[in-house]
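# Next input, structure requested:
(2 chains)
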Number of protein chains: 2
Amino acid sequence: MEDPVKFERDWLPLVEKARKVQADSMVKEYMIPEDKLPSPDRLNVMGVPYEAGTMTDKELQITETPGYKLVAQMSKGELTAKEVLIAFVKRATIAQQLLNCATEFMFDDASARAEELDRYYSETGKTVGAMHGLPISVKEHLHIAGKVSAAGYVSYLAQEPAKEDFLHLSILKKAGAVPFVRTNEPQSLLHIDSDNNIWGMVKNGNNLRLSAGGSSGGEGALVGFHGSPVGLGSDIGGSIRVPAAFNGAYGFRPTGARVSGKGNTVAGAGQITIMCSYGPLTQSIEDIDLYMDTMTAGKPWINDVTLPIMPWKKPEVPSKMKIAVLWDDGIVAPTPPIQRGLKMVVEKLKSAGNEIVDMEAIMAGDLVEAYCASLMADGGKCVVEALAESGEKWHELTKFAMSLGKPISAEEQWNMNHIRDVVRQAWHDKLNADGIDFILCPIFMSVSPPQKQADYLMYSALFNGLDMPSTVFPTGLFVDPAVDGWDGSHEARNDIEKTQHAKYDAEYSVGAPIALQLVGRHFCDEDVIAGTKAIVSLL
Amino acid sequence: MEDPVKFERDWLPLVEKARKVQADSMVKEYMIPEDKLPSPDRLNVMGVPYEAGTMTDKELQITETPGYKLVAQMSKGELTAKEVLIAFVKRATIAQQLLNCATEFMFDDASARAEELDRYYSETGKTVGAMHGLPISVKEHLHIAGKVSAAGYVSYLAQEPAKEDFLHLSILKKAGAVPFVRTNEPQSLLHIDSDNNIWGMVKNGNNLRLSAGGSSGGEGALVGFHGSPVGLGSDIGGSIRVPAAFNGAYGFRPTGARVSGKGNTVAGAGQITIMCSYGPLTQSIEDIDLYMDTMTAGKPWINDVTLPIMPWKKPEVPSKMKIAVLWDDGIVAPTPPIQRGLKMVVEKLKSAGNEIVDMEAIMAGDLVEAYCASLMADGGKCVVEALAESGEKWHELTKFAMSLGKPISAEEQWNMNHIRDVVRQAWHDKLNADGIDFILCPIFMSVSPPQKQADYLMYSALFNGLDMPSTVFPTGLFVDPAVDGWDGSHEARNDIEKTQHAKYDAEYSVGAPIALQLVGRHFCDEDVIAGTKAIVSLL
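The predicted structure is shown next:
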């Protein structure tokens, strides 16, 4: 499996080349000089853009303006695509220096496109589409024409460059989005942390000791840092939502079949029990709507045979919502800051006249067992082979992922599929029977844990198994050791809980964003986004 | 496996009970007296309703009027639901005496419901919905509350009665449809012929020597005989379309995810690679539209978590269509009558200004291999077990079905899924690239073959593998030995073709309906029905 000799001899040159591409792609004049970088013992670096002196006030302001507002300003001629791009490239450059979130900047192409859009606007007075001039970041494994995607494997660096853009991306580009940077991810794409043998660990700007989450960890760190207004990620177990949560961004995992996966690279083609879902990480809930509306308006079903024809519709959300709160999955209770976040949001919802009921995680254990067995139904062979080709070192979290399953027969797979379907129907029936609009719950059992330790998937993967659309939103709260410490009242109910709870310490995690998840009905993506908007407006 | 002793001892009583239910459920006064039944050497019995003396002219006319027109007449008070029901029960009774197409009449319940609808109409002047008063037949394996479904297995006779109606059916009932008879099907539901150890062989009224097709063979025989205006069937390899074709009815296999399968019984739950699709057999193409519109208007996705939310939309079909003709699958060329039907339809289409191009069956061999491997990925274990429980005798076509696959691993299943997806995308790309609206092709390599011999699935199962919606429509032609014989010009290209072609003899198959298939894009069900309407209007 691991083969350091082969790796050093045959593959290190390719890795070094990839790292050189990464380093060379940075815009040197936007970088903070070495001597002005923050001190290594500083944990929270979110304020550095204000201190570094590389960005103007206007640029800082641009990068903290939601994407939909930037598009509106560009459509009125108040901003140019080029200046918006430069603002984000500057902030993303700082992010990269501090957080290692990018694998490659694409400044020349992005500049050319932004200039083209500005010319078009100045000649016609019109925008090209709903994302005119909006810079976007793209998770590395999603294909961009002419680029190789490592997708978390050293061996993939030897693959041919992609012939065409990921369909998703091509639709956003047609609507005027300007891809400007590719973002980092974990080995195998199967961690909810982001470290690999090519570009290394992504860090969390809120607390450099903590995980940036994964697998869209580069996106999470970058968007959370305001280095990109909208990022493209993918989520088969939490990979959009967990990094959004850990870094204080918004994230959305659409219903699998609402979004196209055409033109991406992953190990394990033909695994159809649990769909990978592609979606946005953003700085505002409105931009999730913008992204989904734009993407759907591009009619991906014309080119992607797998998709039902479902235009983006007007959401149906009652003025007083009925929200079921899943306080605890029954295995690992959320840590104090997540409980504080839940209570705060529930109080605000109640005060605004919404109805709150409690909910249990129906058959969650069965579903997550079927989920793991299905994802690993080849015994992880596709992953093992992709790793073995280069002989690269296995990360601990890859070993953990590989431990979740074993090779099974197709008949056993049928049983897993059947369990999946029974559990999905049971949740659907529960929502119908009780008239529940949405489920509010944690996205992870805690705030961001220390690096290399995030491995509890229940709160996120549950909704991949259920294929229910779900948003992640920051509560606006951050870990405060004065109120978020363990108070000794909770006795671990089992070994898993004991192990997981041991990863949280309020002092260590100081400053970590506290985020929550809102879950809607299968295929009712519009509604859960609208429901999240309603919640966010209360915070 | 087979265990005649156990069967006779433990199971024959249950079988006899089921047969008694069948016999007792017939309305005796509507039956043709034994001595007035047609002579046993008469092949075509389609005219018997006109000769039997049990039906009035008005009743004969009702049973030959498309369902949508009957509903229109009932909504104007020109017909009552009760008289429409009686007309169909009378004709279905004759069908049953001649063709063995029904497993149970439900006359009392149907009468009560028809009377209730008539009362509602006379009190309010309104209908209850789009299928007000329309009698419908239901394939036996689809659940009806309070009834046991054998689903092709003797052992299932011991199951508990269904607690609720198949969701599909409950939606049609709410819209006013009146289920009045359950229809016969083959052992295991895996034949495109219809014989089982409970109720025996379904016959084809056009030529009693020929197969009625399957697995919705009872539906095909009954609807083709005008014994039901609309029948509910299921199709995982041709099971709606083949019997529709063999008996001169219309049939429609919707895109799998456009229709609900909630509440049915089949062996092999959790097999998700090839979806079983549920849909109508009718006497007119307009009634397929009525059925799908009514079913979709019932919003099955509210109760069935698996369905995307796709209301029935206005079809988009150009006035001049571009139709690709798949003349030959490359393995077994269609027999002379099917070729005659294809040529006739193509000429009519051309004369009307439509564009015709030729098309090949892209990667069809790969897809059908993946199809068979996937359906039988448990090595047929679920079927074998359901048969072994009662020790019932295996039919030859069950043995054939069991020979199509072997137990495979989940990893092999992934490969099959991947092939499926690659081939689906290739067909979709081909239609896009060439601007093709629909594909015209055979549904079977021939007209109905002799009983117990239908086992060539390529032309039907191909589109289950592709999950493309497809209609079957009668061309209005029937086998005529004067023009449909082998002319010696076609040399068998392989052993399969030799074997299959040997099953066709124009003299033997005299009078068999000649039907064809029209195929549309995945999820574009509305369009392919509209395209079929345009073709039917030319015939």
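# And for the residue in the stretch 101-250 of chain A that chain B sits nearest to, the neighbour number?
The nearest approach of the stretch 101-250 of chain A to chain B comes at A:L167, 11.0 Å away (Cβ to the nearest Cβ). Quick note: C-beta positions are derived from backbone N, CA and C, even for glycine. Counted with other Cβ atoms under 10 Å in any protein chain shown, residues neighbouring A:L167 total 24.
# Excluding sequence neighbours, find me the nearest residue to it.
Using Cβ to Cβ, 6 or more residues apart in numbering or on different chains and skipping residues adjacent in sequence, the residue nearest A:L167 is A:K262, 4.1 Å away.
# One more: A:A92?
A:G227 (3.7 Å).
# Grab the nearest non-local neighbour of A:I236.
For A:I236, ignoring the flanking residues on the chain, the nearest one in space by Cβ to Cβ, 6+ apart is A:C276 at 4.2 Å.
# rewinding a little: A:L98 is in contact with the residue nearest to A:A92, correct?
No: assessed by Cβ atoms under 8 Å, A:G227 is found out of contact with A:L98, at 9.9 Å.
# In the stretch 1-150 of chain A, where is pLDDT below threshold?
For the stretch 1-150 of chain A, applying pLDDT under 70 flags no range at all.
# run the last query once more with 90
A:1, A:35, A:40 (pLDDT under 90).
# What of chain A?
Looking at chain A by pLDDT under 90, you get A:1, A:35, A:40, A:263-268, A:488-490.
# So which of A:G227 and A:L98 has more stuff around it?
A:G227 (34 against 23).
# which strand is the longest one in chain A?
Ranked by residue count and defined by DSSP state E, the top strand of chain A is strand A:470-478.
# Show me what that strand packs onto, helices and strands only.
Here strand A:470-478 touches helix A:241-247, strand A:250-253, helix A:285-297, helix A:336-351, strand A:513-519, helix A:525-538, going by 3 or more Cβ pairs under 8 Å, 6 or more residues apart in numbering or on different chains; DSSP states H and E.
# closest to chain B out of those?
helix A:525-538 (9.9 Å).
# Just want the angle from that closest one to helix A:336-351.
Put simply, helix A:525-538 runs at 90 degrees to helix A:336-351, going by axes from the mean of the first three to the mean of the last three Cα atoms, to 10 degrees.
# Against which helices or strands is helix A:525-538 packed?
Helices and strands touching helix A:525-538, by 3+ Cβ pairs under 8 Å, 6+ apart, are helix A:285-297, helix A:336-351, strand A:438-441, strand A:470-478, strand A:513-519.
# Among these, single out whichever gets nearest to A:L134.
helix A:285-297 (8.4 Å; Cβ to Cβ).
# what comes up buried for that closest one?
Buried residues in helix A:285-297, counting neighbours by 16 or more other Cβ atoms under 10 Å in any protein chain shown, are found at A:I285, A:E286, A:D287, A:I288, A:D289, A:L290, A:Y291, A:M292, A:D293, A:T294, A:M295, A:T296.
# Tabulate these (JSON lines), appending distance to B:E104.
Converted to JSON lines, these look like this (distance: Cβ to Cβ, whole Å):
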{"residue": "A:I285", "distance to B:E104": "55"}
{"residue": "A:E286", "distance to B:E104": "58"}
{"residue": "A:D287", "distance to B:E104": "58"}
{"residue": "A:I288", "distance to B:E104": "53"}
{"residue": "A:D289", "distance to B:E104": "52"}
{"residue": "A:L290", "distance to B:E104": "56"}
{"residue": "A:Y291", "distance to B:E104": "54"}
{"residue": "A:M292", "distance to B:E104": "49"}
{"residue": "A:D293", "distance to B:E104": "51"}
{"residue": "A:T294", "distance to B:E104": "54"}
{"residue": "A:M295", "distance to B:E104": "50"}
{"residue": "A:T296", "distance to B:E104": "47"}
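# Now stretch A:512-525: buried residues?
So stretch A:512-525, judged by 16+ other Cβ under 10 Å, has buried residues A:512-525.
# How about stretch A:335-343?
A:T335, A:P336, A:P337, A:I338, A:Q339, A:R340, A:G341, A:L342.
# List the contacts of the longest strand of chain A.
Strand A:470-478 has contacts (Cβ atoms under 8 Å, 6 or more residues apart in numbering or on different chains) with A:206, A:240-242, A:244-245, A:248-253, A:285, A:288, A:337, A:340-341, A:344-345, A:443, A:463, A:511-520, A:528-529, A:532, A:535-536, A:539.
# can you give me how far it is from the chain middle?
In terms of Cα atoms, centre = their mean, to the nearest Å, the centre of strand A:470-478 is set 13 Å apart from its chain centre.
# Which is the succeeding secondary structure element to it?
Next in sequence after strand A:470-478, counting helices and strands by DSSP states H and E, comes helix A:481-484.
# Which elements pack onto that next one?
helix A:336-351.
# please redo it, this time with the cut-off set to 10 Å
In terms of contacts (3 or more Cβ pairs under 10 Å, 6 or more residues apart in numbering or on different chains; DSSP states H and E), helix A:481-484 is packed against helix A:336-351, strand A:470-478.
# can you tell which of the ones you listed is closest to A:N303?
Across these, closest to A:N303 is strand A:470-478 (Cβ to Cβ), at 26.2 Å.
# re earlier: CA atoms only for the longest strand of chain A, dumped as CSV, please.
C-alpha atoms of strand A:470-478 as CSV (Å, rounded to 0.1, in the frame of the first residue of the first chain):
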residue,chain,number,x,y,z
SER,A,470,-30.1,21.1,4.1
THR,A,471,-28.5,24.4,4.8
VAL,A,472,-25.9,25.4,7.3
PHE,A,473,-25.9,28.8,8.8
PRO,A,474,-23.8,30.7,11.3
THR,A,475,-25.7,31.6,14.5
GLY,A,476,-23.5,34.7,14.9
LEU,A,477,-22.2,33.1,18.2
PHE,A,478,-18.6,32.0,18.8
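# so A:S374 sits in a helix?
Yes: assigned with DSSP: H, G, I helix; E, B strand; the rest coil, A:S374 falls within a helix.
# Enumerate every residue touching the closest residue to it other than its chain neighbours.
Leaving out its chain neighbours, the residue that sits closest to A:S374 by Cβ to Cβ, 6+ apart is A:T273, at 3.8 Å. Counting by Cβ atoms under 10 Å, 6 or more residues apart in numbering or on different chains, A:T273 touches A:370-371, A:373-375, A:377, A:413-414, A:416-417, A:420-421, A:465, B:270, B:272, B:410, B:413-414, B:417.
# What of A:K498?
Residues in contact with A:K498 (Cβ under 10 Å, 6+ apart) are A:V332, A:E491, A:A492.
# List phi and psi for the first one.
According to degrees, to the nearest 10, the main-chain angles of A:V332 amount to phi -120, psi 110.
# ok, it - contacts?
A:442, A:444-446, A:456, A:458-459, A:492-494, A:496-501.
# go again using 8 Å as the cut-off
Contacts of A:V332 (Cβ under 8 Å, 6+ apart): A:M445, A:Y456, A:M458, A:I496, A:E497, A:Q500, A:H501.
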